[in-house]
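> Quick one, structure for this:
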Amino acid sequence: MNALTAPTRILPALSAPDRRRDVRPLLDTATRTVAAALDRLDLCAHVPVWPADPMTENYHLPTIRAAAVQVALHARDDRCERCADRPHQMRAAARLAELWLELSRACIRYVTQPQRFPLRLTQRTAACLADFVSWVITGRPHFLLGQPA
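Residues are numbered from 1 along each chain as shown. You can find the predicted model right below:
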């Protein structure tokens, strides 16, 4: 039997608590950096508040998920005068919220179905969010192009 026809062995997956341990630092870092980026943007006063600031240790994940949806909806639907003058910042806020939601979804997929959604996909989603946050904070486009700093 050669290597092409030999039966393949499926590697055992980690248990769910171990997989949660893998994604918790990714979500924690992403939550803090999105909070820092939203603070950096000059948004109007009635934008929904991001419930985790960069210095807090404890936050409730469903609360942040709901806040991300509210920020994205507000950035898409709000037409106040100040928001109309700064559409690029509202688009950046909506994109930050959407990327955080995508990372949250990728983490849930990895924890529940690790054979279909490996950790590497979750890490790539976190890297995409980190690049966008770096661009929002610094304004330098090389982060979005994948170039070194």
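> Now tell me which helix or strand of this structure has the poorest mean pLDDT.
Sorting the helices and strands of the chain by mean pLDDT, DSSP states H and E puts helix 81-85 at the bottom, at a mean of 78.
> Nearest residue to the middle of this structure?
Residue closest to the average C-alpha location in the chain (CA atoms, centre = their mean): residue 100, at 2.5 Å.
> got a pLDDT number for it?
Looking at residue 100, its pLDDT stands at 94.
> ok, now which ones touch it?
30-31, 34, 64, 68, 129 (CB atoms under 8 Å, 6 or more residues apart in numbering). For the C-beta atoms, the positions are set from N, CA and C on the backbone; glycine is no exception.
> Lowest-confidence entry in the residues you listed?
Minimum pLDDT across the contacts of residue 100 falls on residue 64, with 85.
> Count the residues that sit near it.
22 (other CB atoms under 10 Å).
> Give the other helices and strands that whichever strand or helix holds it contacts.
Secondary structure assignment for residue 64, by DSSP states H and E: helix 61-77. Contacts defined by 3 or more CB pairs under 8 Å, 6 or more residues apart in numbering; DSSP states H and E place helix 61-77 against helix 16-40, helix 87-112.
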